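**Q** here is a sequence together with a model predicted from it:
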Amino acid sequence: MIIQSLRYWVTEMHVDGFRFDLASIFYRGADGEPLEDPPILKAITDDPVLSKAKLIAEPWMLLDFTKSGIFVRTPRVGPSGMESIG
């Protein structure tokens, strides 16, 4: 349902990107433990429409959890345009 909703906003409403607060929820399983290969992030990057959208994620947690570095391997928009970190 998340992928379909994001695709709707890109294709029908013509948004060019999304900002996710507390995005670290994307890489946690139902038990709260971190996932090695989060399915929602893979689905977004594999999708032909969503892979072109701008994504801004705030991957911090309120808990003492340091895995937020999972987002550093994805492209980001920086002062000079698209950059790849990691």
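**A** Nice, thanks for sending it over.

**Q** now the nearest residue to residue 18 once chain neighbours are set aside, what's its secondary structure?
**A** Nearest non-adjacent residue to residue 18, counting by C-beta to C-beta, 6 or more residues apart in numbering: residue 55, 5.9 Å away. For glycine as for every other residue, the C-beta is placed from the backbone atoms N, C-alpha and C. Three-state call for residue 55 (DSSP: H, G, I helix; E, B strand; the rest coil): strand.

**Q** confidence score at residue 55?
**A** We have a pLDDT of 89 for residue 55.

**Q** between the two ends of stretch 21-39, how far is it?
**A** 18 Å (C-alpha to C-alpha, to the nearest Å).

**Q** report the buried residues of the one helix or strand residue 4 maps to.
**A** Using DSSP states H and E, residue 4 sits in helix 2-11. Buried residues in helix 2-11, counted by 16 or more other C-beta atoms under 10 Å: 6-7, 10.

**Q** thinking again about what came up before, surely the residue nearest to residue 18 is in contact with residue 15?
**A** No. With contact defined as C-beta atoms under 8 Å, residue 55 does not reach residue 15; the gap is 11.5 Å.

**Q** tell me which of these two has more neighbours.
**A** Per other C-beta atoms under 10 Å, whichever of residue 55 and residue 15 has more neighbours is residue 55, with 20 against 13.

**Q** tell me where the chain has helices.
**A** Along the chain, the segments classed as helices by DSSP state H run 2-11, 39-46.

**Q** residue 31: which of these is closest?
**A** Residue 31 lies closest to helix 39-46 among the helices of the chain, at 14.7 Å (C-beta to C-beta).

**Q** what packs against the closest one?
**A** Judged by 3 or more C-beta pairs under 8 Å, 6 or more residues apart in numbering; DSSP states H and E, helix 39-46 is in contact with helix 2-11.

**Q** relative to helix 39-46, how tilted is the helix it packs on?
**A** Helix 2-11 and helix 39-46 meet at an angle of 30 degrees, taking axes from the mean of the first three to the mean of the last three C-alpha atoms, to 10 degrees as the criterion.
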